[in-house]
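[1] Structure for the following, please:
(one chain, ligands or ions: 2)
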Amino acid sequence: MTTTIDTAETKTFAAETSRVLQLMIHALYTNRDIFLRELISNASDACDKLRYESQSNNGLMGDEPDLKIHIAYDEKAKTLTIADTGIGMNREDLIAHLGTIAKSGTSEFLSQMTGDASKDVNLIGQFGVGFYSAFMVADRVTVESRKAGEKQAWQWDSDGLGTYEIKPAAARARGTSITLHMKKDAKEYLDRHKLGHIVSTYSDHISFPITLTDEEGVTHNLNDGSAIWTRPKSEVTDEQYHAFYRDVSHSPEKPWAVFHNKAEGKTEYTSLLFVPGIKPFDLFHPERKRRVKLYVKRVYITDEGVELVPPYLRFLRGVIDSADLPLNISRETLQKSPVLDKIRESVTSKVLGEFKKRAEKEPAEYAKFWDNFGAALKEGLCEANSPREKILEACRFYSSTSPEQLISLADYKSRMREGQEAIYFLTGDTLATLKNSPQLEGFTKRGIEVLLLTDHVDDFWPNVTQKFGELPFSSVTKSGADLEKFKLDDEAEQAEEKAESSDAVKKLCEVMEQLFGDAVSAVRTTRKLSDTPICLGVTEGAMDMRMERFLADHKQLPKRAAKLVEINPTHAIITSLANEVSAHGITSKTEDALWLLFDQALIAEGEPVTDAIAFSRRLGGFLAKGIAG
Ligand code: ADP
Ligand code: MG
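    Residues are numbered from 1 along each chain as shown. Ligands and ions are numbered 1, 2, ... in the order given. The predicted structure is shown next:
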């Protein structure tokens with residue numbers, strides 16, 4: 001729709017846009033070459049969009065069937081023009097796309113800005129505000145455009161200082177020309193070699209021809225012009241892969257991995273996928289957006305709302321080009337296409353296989369990947385139809401015996417003690433607190449390895465994926481009882497048995513149960529502890545403590561369950577309390593001591609103490625005695 005307004009209008013940039021522009025205008029010491037990459041990338045997107053739209057609307061191409069990008073410059077006028085024959089923009093588009101930044105990531109982008117221009121400019125591409133990078137090199141930008149299928153052309157003008165002007169323009173070819181009036185210090189870009197060099201560095205992979213006309217009027221081809229994923233692997237250099245990655249990911253770093261594959265057989269498709277070298281800023285946003293682009297026979301279809309990869313692989317970037325889908329498929333019917341399901345399955349299986357391979361071959365490199373994306377990958381363990389065994393094979397963990405180096409489940413299995421029938425794990429907030437958790441003591445003493453899990457998702461997946469092969473996952477908070485199977489040396493073993501069966505200890509358990517009342521479901525002895533007198537446990541079959549706390553915090557549970565208290569019968573504090581209680585019954589001193597112990601167990605699990613005021617009073621009392629001592 002065109003609006004008939006024939007005078008020029010001056011409009012104010014949205015506040016966020018102004019801030020981005022400020023950043024661009026002052027980006028002095030950064031790599032300014034990227035403005036060209038961003039403008040070419042937009043031109044290429046515009047050509048992609050038109051090619052897609054014209055599948056269902058033949059008329060759109062009009063009398064210009066070629067999709068292409070052209071660069072020209074004028075040293076005298078100090079202008080550089082990037083023109084495309086893509087979809088174009090009408091008045092509304094110009095206002096919506098070049099006057100505001102209507103993207104979900106913008107405020108995030110602004111909040112991540114450090115004030116250090118060189119770092120901030122790297123963020124620019126990632127947050128999709130590429131157009132404005134033109135103001136790094138230009139003090140005035142003119143955009144002329146005519147949208148495919150419309151007659152009226154429009155012109156947008158701005159110096160980036162707060163306002164832009166928009167007005168109807170003289171008739172012109174379909175598509176967009178962006179003219180940069182170069183800053184005094186940016187004349188270096190009005191040079192054929194410089195421009196050619198930037199294009200071959202950053203934009204060679206663009207699948208539309210890019211040409212440049214020089215000062216003598218000679219036109220040069222600057223790129224190969226064929227889609228990079230259609231070329232044989234052997235003909236693509238690392239630099240070309242990386243440049244393409246930068247373009248699809250909007251991220252400046254090198255990808256961690258490049259997977260370029262041609263699948264033949266039942267489903268035919270080509271995939272060129274990248275694992276980013278850094279964690280995308282929105283990896284854990286609730287929408288879990290997937291961004292792999294779908295092409296059908298080299299025609300760009302979409303990168304939104306298609307499930308080309310499962311949510312737990314949403315960090316992948318790149319393209320999948322299928323020959324098995326009809327070209328005129330609408331984005332709506334795509335969702336239901338069985339071809340898409342097959343592609344997703346096949347891609348998932350290939351990618352997981354690659355992860356497994358790399359984890360085994362290059363563990364140090366894989367650790368970087370794991371640090372960025374392990375938590376996302378483990379989400380797949382919670383999903384009903386995911387290939388869980390395959391995911392588990394790609395998973396890596398820290399453990400009580402290997403707190404610094406990641407291990408695989410196969411490693412764990414090979415180190416299991418004879419008679420061990422489960423993979424033990426403990427979840428917590430940080431590795432540092434887990435390493436010192438009293439819950440581990442008895443396991444460590446018996447040489448049994450425990451996985452230390454610190455991601456949010458770790459509170460969930462072991463409840464869903466219950467096994468690795470035949471081996472169940474078992475939380476050490478629940479499985480203290482298993483330890484009886486693993487004998488210590490005779491002396492220690494006898495001491496444990498004697499302590500457990502002593503009348504004084506039994507009596508102590510009863511007294512504690514009475515004292516703590518409803519807060520506690522039972523008090524029992526455990527072999528899990530060694531240097532600590534007391535801890536909290538979970539009864540077999542009950543919900544794990546952290547999961548319970550999470551659900552309660554999110555109002556998904558009416559009330560927390562009573563706690564299971566486990567005491568270490570061989571610990572000096574417990575034995576002396578047991579003797580004291582059986583000799584004198586409960587006194588105010590033993591009562592205070594027992595409450596302090598219970599609160600100490602709560603603190604160790606990250607729970608609040610029962611009664612903070614009573615706790616301070618009791619602790620104060622004992623401290624006073626200790627110091628007076
Ligand atoms: P992004 O490309 O990530 O969307 P940009 O700031 O680079 O962000 O561009 C903003 C928007 O302006 C694009 O999404 C597009 O809608 C529009 N646009 C920019 N350049 C062109 C062009 N050459 N042809 C058509 N539309 C364009
Ligand atoms: Mg862009």
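[2] ok, the residue of the stretch 351-500 of the chain at minimum distance from ligand 2 - contacts?
    Nearest residue of the stretch 351-500 of the chain to ligand 2: N372, at 24.2 Å (CB to the ion). C-beta: built from backbone N, CA, C; applies to glycine. Counting by CB atoms under 8 Å, 6 or more residues apart in numbering, N372 touches W256, P276, I278, K279, F315.
[3] Tell me the secondary structure at the last one.
    By that I understand F315. coil (DSSP: H, G, I helix; E, B strand; the rest coil).
[4] Wait, a strand at the residue of the stretch 351-500 of the chain closest to ligand 2?
    No. Counting by three-state DSSP, N372 falls outside a strand, being helix.
[5] okay but F516 is in contact with F598, surely?
    Yes. Using CB atoms under 8 Å, F516 is in contact with F598, at 6.1 Å.
[6] what's the overlap in contacts for the two?
    V565.
[7] more crowded one of those two?
    F598 (23 against 19; other CB atoms under 10 Å).
[8] The more buried one against G517, yeah?
    No. With contacts counted by CB under 8 Å, F598 stays clear of G517, the gap being 11.1 Å.
[9] Domain map for the chain?
    9-225, 230-355, 397-629 (automatic domain parsing).
[10] For A367, which of these is the nearest?
    Taking CB to CB, domain 397-629 is the member of those nearest to A367, at 5.5 Å.
[11] pLDDT on that closest one, on average?
    Averaged across domain 397-629, the pLDDT comes to 92.
[12] centre of the chain versus it, how much separation?
    33 Å (CA atoms, centre = their mean, to the nearest Å).
[13] Now do the buried residues in stretch 449-462.
    By neighbour count on 16 or more other CB atoms under 10 Å, the buried set for stretch 449-462 is E449, V450, L451, L452, L453, T454, V457, D458, D459, F460, W461, P462.
[14] same thing with stretch 556-567?
    Buried, per 16+ other CB under 10 Å, within stretch 556-567: K563, L564, V565, E566, I567.
[15] Which secondary structure state is assigned to the nearest residue to R314 once chain neighbours are set aside?
    Among residues not flanking R314 along the chain, R290 sits closest, at 4.7 Å (CB to CB, 6 or more residues apart in numbering). Following three-state DSSP, we place R290 in the coil state.
[16] Quick one: neighbours of R290, just the number.
    19.
[17] Just list the residues touching it, thanks.
    Neighbours of R290 in contact, by CB under 8 Å, 6+ apart: V306, E307, L308, V309, P311, L313, R314, L316.
[18] hmm, back to that, now flag whichever of the buried residues of stretch 556-567 is closest to ligand 1.
    K563 (51.8 Å; CB to the nearest ligand atom).
[19] Can you give me the distance of the closest one to M547?
    K563 sits 15 Å away from M547, taking CB to CB, to the nearest Å as the criterion.
[20] Take the domains of the chain and lay them out in TSV including distance to ligand 1.
    Listed next are the domains of the chain as TSV, based on distance: least, CB to the nearest ligand atom, whole Å:
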stretch	distance to ligand 1
domain 9-225	3
domain 230-355	7
domain 397-629	30
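[21] Turn those into CSV, columns for distance to ligand 2.
    Below are these laid out as CSV (distance: least, CB to the ion, whole Å):
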stretch, distance to ligand 2
domain 9-225, 3
domain 230-355, 8
domain 397-629, 33
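[22] which residues are contacting stretch 454-471?
    Counting by CB under 8 Å, 6+ apart, 374-375, 378-379, 381-382, 388-389, 392, 398, 409, 413, 421-423, 425, 427-431, 434, 472-473, 475, 544, 546-547, 550 sit against stretch 454-471.
[23] just the buried members of those residues?
    374-375, 378-379, 381-382, 388, 392, 398, 409, 422-423, 425, 427-428, 434, 473, 475, 544, 546-547, 550.
[24] In helices only, show me the residues you listed.
    G374, A375, K378, E379, R388, L392, L409, L434, R546, M547, F550 (DSSP state H).
[25] Reformat those as a markdown table; add distance to L594.
    Listed next are those as a markdown table, based on distance: CB to CB, whole Å:
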| residue | distance to L594 |
| --- | --- |
| G374 | 41 |
| A375 | 39 |
| K378 | 40 |
| E379 | 42 |
| R388 | 44 |
| L392 | 43 |
| L409 | 41 |
| L434 | 27 |
| R546 | 25 |
| M547 | 28 |
| F550 | 29 |
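[26] V319: what's it in contact with?
    W229, V248, S271, L272, L273, V292, K293, L294, Y295.
[27] at 10 Å instead, please
    V319 makes contact with 207, 227-229, 244, 248, 270-274, 292-295, 298, 300, 303, 308 under the criterion CB atoms under 10 Å, 6 or more residues apart in numbering.
[28] Brilliant, that's me finished.
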